[in-house]
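[1] the sequence and its predicted three-dimensional model are supplied below.
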Amino acid sequence: MGEVYSHLSEEERQVVQIEVGNDTSIRRIGAMPGRSPSTISREIKRNAWFPSNQNESYRPYRPKRLKAGPWTGRYYVAGPAQRKADRRRRKPRRPCRLSHDRLWAQVAEWLGRGWSPLLISGRLGVLYPDDPVMRVCPETIYRWIYADRSRRERWVRCLPRGHRRRRKRKGRRVSRFPIPGRVSISCRPSAVDDRGAFGHWEADSVIGVGANLHTEVERKTRYLMAAIVPDKTADANVGAQMALFAPLPKGARLSVTHDNGTEFARHGRLRSGLGMDTWFADPYSSWQRGSNENRNGMLRRYMPKRSEITLDMGREPREIVDETDNRPMRVLGYRTPAEAFMDELLGLQA
């Protein structure tokens, strides 16, 4: 049977404190409680306190080129050392495991359906409010997937972005083409900014091979509408916008916020034809149109970049949009965008 190791106790740390104050050697300190000298050495290095590193009054000027250490001697105090050790022991050394079979079965089922870890975490709280076992935070799911190579290869394709490695988002290039009548987003009323009002939309394009997908997202309800356009010209995109917005009541189509792409150069037709206000986000500020960027990311899960889009495949994009609009969202209290949008339309009729 192998040797059994144990952590230093508070009494042993008090012995270390006394002997360090008496300038006793590391080996003699270790011999007193029957510990290895390396154990005592690591304990002192880990929990020693240097006043010159904590208090400005002890910290004279030290040129960096000298690579000087602390100016004052070290102090070892058993009480703070014990508290630091207790904090380190409580801190997990590895990502939490989804070890409960019933919990992982439910998480795996929803991952397979394309749900994000955020939705999974929130939905568990709705379906199992009194079951503490059926609890997991989104970060735990992400770490559980990325911590193991086999799990990463199996489940990363089910994540919203499907990246093999976790990475930061990067900015996008914008066109330098001047857009006639462009009104900056800084002129947009505050009622639109805080998403308290219904009927304000965000527009963008999902580029494909052969044709593109024009998307519109309502800011308050996150409801998504889309139409296939043959190219990225301004006439084609504003025609798609007119076709999407015309059937809606006037209270459900008050304004649109665009990015700075040239496909939105004919936005004046929305003003003259439908009476809608149009604004444009700042360059390199996609977060100002975050709802549309999020919904476009959902569409990209079904239509990755360089996917073929044709004018005669209207049924497939419509099914994808319907599935997206009928997926619950935390920001909506785990209602679906379709439910929230219908409630707003009924409110307008009332």
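    Everything's here; your move. This one's a predicted model, so the numbers in the text were calculated from it and none came from an experiment. Numbering: from 1, shown residues only.
[2] in contact with the nearest residue to residue 139 once chain neighbours are set aside, which residues?
    The shortest distance from residue 139 to any non-neighbouring residue, by Cβ to Cβ, 6 or more residues apart in numbering, is to residue 117 (7.8 Å). In short, each C-beta sits where N, CA and C put it, glycine included. Residues in contact with residue 117 (Cβ atoms under 8 Å, 6 or more residues apart in numbering) are 111, 138, 139, 141, 142, 159.
[3] also residue 151?
    Contacts of residue 151 (Cβ under 8 Å, 6+ apart): 144, 145.
[4] for it, give its distance to residue 107.
    Separation of residue 151 from residue 107 (Cβ to Cβ, to the nearest Å): 12 Å.
[5] over to residue 186?
    43 Å.
[6] between these two, who's got more neighbours?
    residue 107 (24 against 8; other Cβ atoms under 10 Å).
[7] wait, residue 252 touches residue 197, no?
    No: counting by Cβ atoms under 8 Å, residue 252 does not reach residue 197; the two are 11.0 Å apart.
[8] my read is residue 225 is in a strand, agree?
    Yes: Residue 225 forms part of a strand when assessed by DSSP: H, G, I helix; E, B strand; the rest coil.
[9] that one bridge partners, please.
    Beta-bridge pairing for residue 225 (DSSP bridges): residue 216.
[10] list the contacts of it.
    Contact analysis of residue 225 by Cβ under 8 Å, 6+ apart lists 215, 216, 217, 244, 321.
[11] so the fourth one, which state does it fall into?
    So the one you mean is residue 244. Quick answer, by three-state DSSP: residue 244 is helix.
[12] next one: it from residue 201, what distance?
    Applying Cβ to Cβ to residue 244 and residue 201 gives a distance of 9 Å.
[13] anything in contact with each of those two?
    residue 216.
[14] who's more crowded, the two?
    residue 201 (29 against 18).
[15] from residue 316, how far off is that one?
    Residue 201 is 23 Å from residue 316, where distance means Cβ to Cβ.
[16] coming back round to it: who has more neighbours out of residue 252 and residue 197?
    Remark: of residue 252 and residue 197, residue 252 carries more neighbours, 19 against 16, as counted by other Cβ under 10 Å.
[17] what sits against the residue nearest to the more buried one when sequence neighbours are not counted?
    Spatial nearest neighbour of residue 252, chain neighbours left out: residue 199 (4.9 Å); criterion: Cβ to Cβ, 6+ apart. Applying Cβ under 8 Å, 6+ apart to residue 199 gives the contacts 218, 251, 252, 253, 254, 255.
[18] of those, grab the buried ones for PyMOL.
    Of the contacts of residue 199, the buried ones can be selected in PyMOL as follows, counting by 16 or more other Cβ atoms under 10 Å:
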select buried, resi 218+252+253+254+255
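[19] can you list the weak-confidence ranges in the protein?
    Within the chain, the stretches with pLDDT under 70 are 1-5, 50-74, 92-97, 164, 166-177.
[20] strands along that one, start to end?
    Using DSSP state E, the strands of the chain run over 200-207, 212-218, 224-229, 255-258, 277-280.
[21] angles on the backbone of the closest residue to residue 328 other than its chain neighbours, please.
    Excluding the flanking residues, the one nearest residue 328 by Cβ to Cβ, 6+ apart is residue 334, at 4.4 Å. Dihedral angles of residue 334 (phi, psi; degrees, to the nearest 10) stand at phi 60, psi 20.
[22] repeat for residue 275
    With angles defined as degrees, to the nearest 10, residue 275 sits at phi 70, psi 30.
[23] still on that earlier bit, give me the distance between the residue nearest to residue 139 and residue 161.
    Counting by Cβ to Cβ - residue 117 and residue 161 are separated by 12 Å.
[24] circling back to that earlier point, just the buried ones from the contacts of residue 117?
    For the contacts of residue 117, a burial check counting by 16+ other Cβ under 10 Å picks out 111, 141, 142, 159.
[25] how much space separates the third one from residue 160?
    If I follow you right, that is residue 142. For residue 142, the distance to residue 160 - Cβ to Cβ - is 10 Å.
[26] next, count neighbours for residue 21.
    A count of nearby residues for residue 21, using other Cβ under 10 Å, gives 11.
[27] so what's it closest to, chain neighbours aside?
    residue 76 (7.9 Å).
[28] wait, doesn't that neighbour sit right on residue 47?
    Yes: with contact defined as Cβ under 8 Å, residue 76 and residue 47 form a contacting pair (6.5 Å).
[29] residue contacts, residue 253?
    Taking Cβ under 8 Å, 6+ apart, one finds 199, 201, 245, 274, 276 in contact with residue 253.
[30] for those, give me a markdown table that also has distance to residue 208.
    Formatted as a markdown table, these follow (distance: Cβ to Cβ, whole Å):
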| residue | distance to residue 208 |
| --- | --- |
| 199 | 29 |
| 201 | 21 |
| 245 | 22 |
| 274 | 27 |
| 276 | 26 |
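[31] no more questions from me, cheers.
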